[in-house]
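J.: make a model of this:
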Amino acid sequence: MDEISRQIVKETIDITDEDLDKLSPGMKRILSNLPEKAKWKIIAEVTESKYCFAGLKPGDKLVFNFPILNVAESTGAPCMEAVAPLANQIRAMMDSVADGGDPNDSVFASQQVSCWDVGVEHGGLGRVMFKLYAEKTG
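T.: You can find the predicted model right below:
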């Protein structure tokens, strides 16, 4: 892990040098080059919505700045049942950034992601679908 990223992690989560040194090689790779990773944001845009209790509707966006939900930039409610299923896809997209790639090249950037509610047809209430994509901010 580069020294700048190491300092960012230490200041952000108050981790000790000893514990930083214990991180797995994969985690160190994810946490390396943080200034470059911070230039990317992942957007989960609502493409379909039916009976959403949180009020999410097509065109609403949940914006993530590696890896934090940016509530100020998001236009939809941060519903737990919507955010949770996005986590693995967002992490995989950011993993491509860790390798120096474009997160839009990730297989997950081309897939639709559903909230956890299965909809009335399957014993639930509502259902929301998202498309994921990334934008570079700097």
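J.: run through the helices of the protein in chain order.
T.: For the chain, the helices defined by DSSP state H occupy 3-13, 17-22, 25-31, 34-37, 80-98.
J.: dump the ones you listed to CSV, plus mean neighbour count and mean pLDDT.
T.: Where C-beta positions appear, they are placed from N, C-alpha and C, glycine not excepted. CSV is the format used below for the helices of the chain (neighbours: other C-beta atoms under 10 Å; pLDDT from 0 to 100):
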stretch, mean neighbour count, mean pLDDT
helix 3-13, 13, 94
helix 17-22, 10, 96
helix 25-31, 14, 88
helix 34-37, 16, 86
helix 80-98, 18, 87
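J.: residue nearest the centroid of the chain?
T.: Central residue of the chain (C-alpha atoms, centre = their mean): residue 90, 3.6 Å from the mean position.
J.: ok, that one touching residue 67?
T.: Yes - under the criterion of C-beta atoms under 8 Å, residue 90 makes contact with residue 67 at 6.7 Å.
J.: hang on, the earlier thing: which residue sits closest to the residue nearest to the centre of the chain, ignoring its sequence neighbours?
T.: Nearest residue to residue 90, sequence neighbours excluded (C-beta to C-beta, 6 or more residues apart in numbering): residue 42, at 4.9 Å.
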